[in-house]
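> with the input below, show me the fold.
(3 chains)
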Amino acid sequence: MPEGHTLHRLARLHQRRYAGAAVAVSSPQGRFAAAASAVDGQVLRRASAWGKHLFHHYIGGSTVHVHLGLYGSFTEWARPPDEAMPAPVGQVRMRMVGAEYGTDLRGPTVCELVDEAQVADVVAKLGPDPLRADADPSWAWTRIAKSRRPIGALLMDQTVIAGVGNVYRSELLFRHRINPFRPGQKIRDAEFDAAWTDLVALMKIGLRRGKIIVVRPEHDDGAPSYRPGRPRTYVYRRAGEPCRVCGTVIRTAELEGRNLFWCETCQT
DNA sequence: CCTCTATGGCGAA
DNA sequence: TCGCCCTAGAGGC
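Residues are numbered from 1 along each chain as shown, chains lettered A, B, ... in the order given. Okay, the predicted model is just below:
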């Protein structure tokens, strides 16, 4: 699901599957048809991600820029031995076919052909990405430390930190006992440093496992949550359920147009 | 089967 | 602030 870890995982997968060889690119739905023909048959050089943005860099300079939005997704399929391709299901905006695998993109907010300058424009609007080795957290700290906006809003702002979405926002603030409505300028330096370090570690777990897992073993008591299996979150979508740490009923409110979750006892 | 909700972000009003 | 994009899983009946 599309927070930053998902896009980095896709970049890694697409590079492994398709880089170094010609890729057949098409648009069964048609909305990406003209652009698809420009890269159809070109060799993919590499795939990369910055925050929630995914880039397919083709040799020659053409790049496909994808943003999944709320419900965009890639579905991978193995190529059948008889050369027949599976019929597209639903609105397939872009289909990529390599030697052994194909993948279908459905429901993205953005799927467009861009040049190197446009890639730079997209990236220039994004804050540091915790999953990138070159991330500079001091840029984010400068923005947060001088802002009166609530930290719960700043974390959702992709120009402050790129890749954090609605789950990591609530969960990170819970783990660091920070109330989401506290203004950025009331966050202490040491709190930010600890939260950033933790965020990098959490998103690396998300990248490796393909899902957001933030609950420490000592808090994993098997209590009912909205998802089956072991608990993975402390507060996200747990409104009305007891806090895993103190038992207080988890609260919810809308912040930046998205549902926020927190424990008013643990987070100050 | 139907209805609801969603991990996002853009552009129109 | 709202509609859109138009997918996909969960839950109700």
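> count of residues packed around residue A:26?
By the criterion of other CB atoms under 10 Å, residue A:26 has 18 neighbours. All C-beta spots, glycine's among them, are computed from the backbone N, C-alpha and C.
> show me the contacts for it.
Going by CB atoms under 8 Å, 6 or more residues apart in numbering, residue A:26 touches A:33, A:36, A:40, A:94-95, A:97.
> which parts of the stretch 1-150 of chain A sit against DNA strand C?
A:29, A:31, A:69-73, A:75, A:89-91, A:93, A:106-107, A:109 (CB under 7 Å from any atom of the strand).
> re the thing from before, who wins for neighbours among the contacts of residue A:26?
Those, ranked by neighbours (other CB under 10 Å): first place residue A:94, 25 neighbours.
> now for whatever helix or strand it lives in, which elements pack on it?
Using DSSP states H and E, residue A:94 falls within strand A:92-97. Other helices and strands packing on strand A:92-97, by 3 or more CB pairs under 8 Å, 6 or more residues apart in numbering; DSSP states H and E, are strand A:24-26, strand A:101-106.
> residues making contact with stretch A:231-238?
So stretch A:231-238 is in contact with A:166-167, A:170-171, A:174-175, A:211-215, A:219-223, A:225-226, A:243-245, A:250, A:259, A:261-263, going by CB under 8 Å, 6+ apart.
> tell me which of those fall in strands.
A:259, A:261-262 (DSSP state E).
> list the contacts of the residue of the stretch 101-250 of chain A found nearest DNA strand C.
Distances between the stretch 101-250 of chain A and DNA strand C by CB to the nearest atom of the strand are smallest at residue A:107, namely 3.3 Å. The contact partners of residue A:107, taken as CB under 8 Å, 6+ apart, are A:68-69, A:71-73, A:91, A:93.
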